[in-house]
Structure formats: structure tokens, C-alpha cells
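Trainee: Please find the sequence and the predicted model below.
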Amino acid sequence: MPEESPLVTSLRAAVDAAPDDLPLRLHLAGLLLDAGRGQDAIAQLAAALQRDPGNAEAQALMARAVAPPAAPAAPPEPDRGAAYDWRRGEDELSGVVPPRFVESRPETETAPENEPRAGEAHLAAHGDDLASPWDVESTALTLADVGGMDEVKARLEAAFLAPLRNPALRRLYGKSLSGGLLMYGPPGCGKTYVARAVAGELGARFLSVSISDVLDMWMGNSERNLHRLFETARRNAPCVLFLDEIDALGAKRSQIRHTGMRTTVNQLLAELDGVDAASDDGVFVLAATNHPWDVDTALRRPGRLDRTLLVLPPDRPAREAILRHHLTDRPVAGIDLAKLAQRTDGFSGADLRHLCESAAERALLDSVRTGEARMIGTADFTAVLAGLRPSTGPWFASARNVAQFANEGGAYDDLLVHLKRKKML
């Protein structure tokens, strides 16, 4: 190990005296990296990221510190004629002009024509990144960007949108904007996207929070974080406060053995009630869960998360829109989106994205193997679908038992209707 320079020694003393001075700590980490002292640099960078997890310079230095050493250059291999010319492949595909999609419609539908469009949002399978903790953002999305989900839209209109747009009628009928909405359903079906669209429809700010943004290992900090969260939403009203994974944050207290978690649920209940009803005017609480049966019953009391919406996998029109979106920038030819949408009944938005990526990967590997670039075709989707099953199956298997044998107060009547329609009972 090389001897430490006087400059590095002085910087260490300065960092110890001012541990929160991030520029000074990052400068020391850079010098340590340059001097070949990788482990010392990693320790300094870890301390910096604990204080500012989003610091770009610290992240870049950490990536450099943990990167494996460069391997010695291998001697060039003889040309075997099998290397794929990517530039030539790009030129080949750029001039291909077959029809990207064919517009024939399937002759039969897998579901009755009068089935409600309980799909997911158009583009819902993007895997949108959630907002950073305490970051209140604006969104341009509206319900017009949501494909299908007519029943969900109608419930949202009655719960939030119509009263907000008609304040005179709201006062006349004594309609309160308090209370919240709980969305539940299989994972990957666009619940977060719908919440963003509601915020855009209201012209409100959007504050998205998950369990990791609230829970803290130190006693009392989780409750303090919850209070600060609601205060942030009130200061930015009108604001849609979206609580993701509410089953983890508001689990049934009867099943919690840790006292700290019980007090966190109690704090959440108090915040939903509000110290003063007027202070919560303009704060709309939306929550999402894949397991509503694990949510504390007190959270679903009137005035809290008292309205429930089932968000199902996308219906056929929504599946077609999602598939079209994920194939827009890919070289495809002759894809019958209507037939493909019909074959993917029960797929979530995330499943459809995975399907498109897998078909593209198959065509890419085939192009590399043959040395000739080709388009993504129907055969690629057929091959992928042969080994792909909807990820929503296990969720419906669990939900069926709850809907049949634990449907207290008719909380899951809409789920029972769907299960009967799909002949899952």
C-alpha cells in the first residue's frame, strides 16, 4: 500500500471535523481513488451517499470504485466472417417498408361485448419511476390518456372529479371531499399510472410515497415521517397523496407483534382523520395494494380510505394500445395487433411489455446468428407466447378464496362478479 500523502492526511482530518461537508468528502474520495486506495474511497463514498443518496458525483465515484480492474487486451482473433455488422444491419432495416401492423379484427371475442372495460392505463406498463421521497411533482397525464377502465373512471369521477368541478353543487348537496380511495388488484396493472392521471385531471400536485420513504429503524421517526408527509401534502394543496403498498404501511394491527409498527398504523389513522377537517381540504388520498385483505380494517372506515376500486388486467382494447406503444420504435412487420391482443387475455401491462421485449430479443439474436438483420414478426410472438403465462394467475388464485369465504360486508363483490364472468369460480 503506497504511503499516504500529506494532502490526503490533512483532508482526512478536515472531513473528521466537518463530516457533513460533502464536497470536501468527495474530493478526498477522488484523491484516494487516484492513489489506488479503493477500500478507503468506498468507505468515504458510502458515508456521502448516506447523507445524500441522490448525489450524482458520489454515485459516479462509487461506480468507478467498485468497477472491476480492466482486463489486459486480448490479441485480436482471426476474422472468421461471422461477426455481425451492426451498421449494415441498421441500413438494411431502414429501407424495409412492409406494413408494420395489419388491421384485421378477430372473429370472436373471449369476453362478452357488455363486459366493462376494466383495463389498465394506456402506456401503463412503462414501469414509471415513482417520485423521490418528499418530492412533490406536477403531471400532465389525465384520464384521457387511460385506455379502457371505464368503470374505474366513472368511480373516480363520482368520488373526486365531479364534486371538485362543481363547487356550488357540492355545497348544495353537502358533498365532502374528505376521505380517500383504495385501489386494489393484481400487480402490474397500472394503479400508479391511474393515480398520476387523477392528479393531472384535478390540476393537482402529485406526491408518491412507498413504505421505504416512511419506515425508520429509530423509535418515533416513522410517525414523524408520516406527519411531515401529510404536512407537505397540505402545503402543496391541491395535492394527490399516493400511498403505495398500503398493506405494508397499514397492516392489520392484530397481526403485528412489533410495537413500533402498531404506533405507525395509529399515526396513519390519525393523519387520515386530520386534526382539523378544513386543513385537509384539497388533499386527496389515493392508496394502492395487491392484498387489500391485509389492510387494517380501521383504515377503510368512512372518512378514511372508504372507497374501493378494483383495477383489473387490461381489456382487449387496452392490450392492443399497450402492445402498439411498446412496438412503436421497434422494427416490426405484419403484426396483427388485434389477434395478438386476443391471445393475451389476462396479461397485465407488465406482462405485455415483457412479451414485446422477449420477441424483440429473439429477432435480435437471430440476426446476430445469421449475420442478416430481420424484422420482428408474428413467429417471434408465437414462439414467446408458447412458454409465457400471465403473472396474474397466482393473484387470482389467492383472491378467489378471499372473495368466496371472507367477503365481509360485500367488500369484494366486484371481484366476485369478475371471477364469475371469467368462469374462475
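Mentor: Perfect, I can see it now. Numbering: from 1, shown residues only.
Trainee: What helix or strand is residue 387 located in?
Mentor: Assigned by DSSP states H and E, residue 387 belongs to neither a helix nor a strand.
Trainee: go on, residue 181?
Mentor: Using DSSP H and E, residue 181 maps to strand 180-184.
Trainee: Let's see stretch 37-51 as PDB, backbone CA atoms only.
Mentor: The C-alpha trace of stretch 37-51 is given here as PDB (Å, rounded to 0.1, in the frame of the first residue of the first chain):
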ATOM      1  CA  ARG A  37      -6.800   3.200  -2.100                       C
ATOM      2  CA  GLY A  38     -10.100   1.800  -3.300                       C
ATOM      3  CA  GLN A  39     -11.400   0.500   0.000                       C
ATOM      4  CA  ASP A  40     -10.800   3.800   1.800                       C
ATOM      5  CA  ALA A  41     -12.500   5.600  -1.100                       C
ATOM      6  CA  ILE A  42     -15.600   3.300  -0.900                       C
ATOM      7  CA  ALA A  43     -15.900   4.000   2.900                       C
ATOM      8  CA  GLN A  44     -15.900   7.800   2.300                       C
ATOM      9  CA  LEU A  45     -18.400   7.500  -0.600                       C
ATOM     10  CA  ALA A  46     -20.700   5.300   1.400                       C
ATOM     11  CA  ALA A  47     -20.800   7.900   4.100                       C
ATOM     12  CA  ALA A  48     -21.500  10.600   1.500                       C
ATOM     13  CA  LEU A  49     -24.400   8.600   0.000                       C
ATOM     14  CA  GLN A  50     -25.900   8.000   3.400                       C
ATOM     15  CA  ARG A  51     -26.200  11.800   3.700                       C
END
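Trainee: now it, how far from the centre of its chain.
Mentor: Taking CA atoms, centre = their mean, to the nearest Å, the mean C-alpha location of stretch 37-51 is offset from the chain mean by 30 Å.
Trainee: Show me the shaky parts of the stretch 151-300 of the chain.
Mentor: Applying pLDDT under 70 to the stretch 151-300 of the chain picks out residues 159-160, 176-178, 258-259, 275-281.
Trainee: Tell me where the stretch 1-150 of the chain has helices.
Mentor: 6-17, 22-34, 38-51, 56-66, 86-94, 150-156 (DSSP state H, counting those that start in this stretch).
Trainee: Please parse this structure into its domains.
Mentor: Per automatic domain parsing, the structural domains of the chain span 6-66, 101-111+315-385, 124-310.
Trainee: who wins for proximity to residue 395 among those domains?
Mentor: domain 124-310 (4.1 Å; CB to CB). For every residue, glycine as well, the C-beta is placed using N, CA and C.
Trainee: Direction included, what does the biggest strand by length in the chain pair up with?
Mentor: Secondary structure of the chain read by DSSP state E shows that its longest strand is strand 283-289. Paired neighbours of strand 283-289 in the sheet (DSSP bridges): strand 180-184 (parallel), strand 239-243 (parallel).
Trainee: Who are the packing partners of the very next helix or strand once past the first one?
Mentor: Okay, so that is strand 180-184. Next along the chain after strand 180-184, taking DSSP H and E as the criterion, comes helix 191-202. Contact analysis of helix 191-202 by 3 or more CB pairs under 8 Å, 6 or more residues apart in numbering; DSSP states H and E lists helix 150-156, strand 180-184, strand 205-209, strand 239-243, strand 283-289 as its packing neighbours.
Trainee: The ones you listed: which one's closest to residue 54?
Mentor: Among these, the nearest to residue 54 by CB to CB is strand 205-209 (15.6 Å).
Trainee: ok, and the closest non-adjacent residue to residue 317?
Mentor: residue 148 (5.7 Å; CB to CB, 6 or more residues apart in numbering).
Trainee: For residue 240, name its beta-bridge partners.
Mentor: residue 206, residue 284.
Trainee: can I assume it is in contact with residue 201?
Mentor: No - assessed by CB atoms under 8 Å, residue 240 is found out of contact with residue 201, at 9.4 Å.
Trainee: So the two - more neighbours on which side?
Mentor: The neighbour comparison of residue 240 against residue 201 (other CB atoms under 10 Å) goes to residue 240, with 28 against 23.
Trainee: how close does the more buried one get to residue 46?
Mentor: Distance, residue 240 to residue 46, using CB to CB, to the nearest Å: 35 Å.
Trainee: I'm done for today, thanks for sticking with me.
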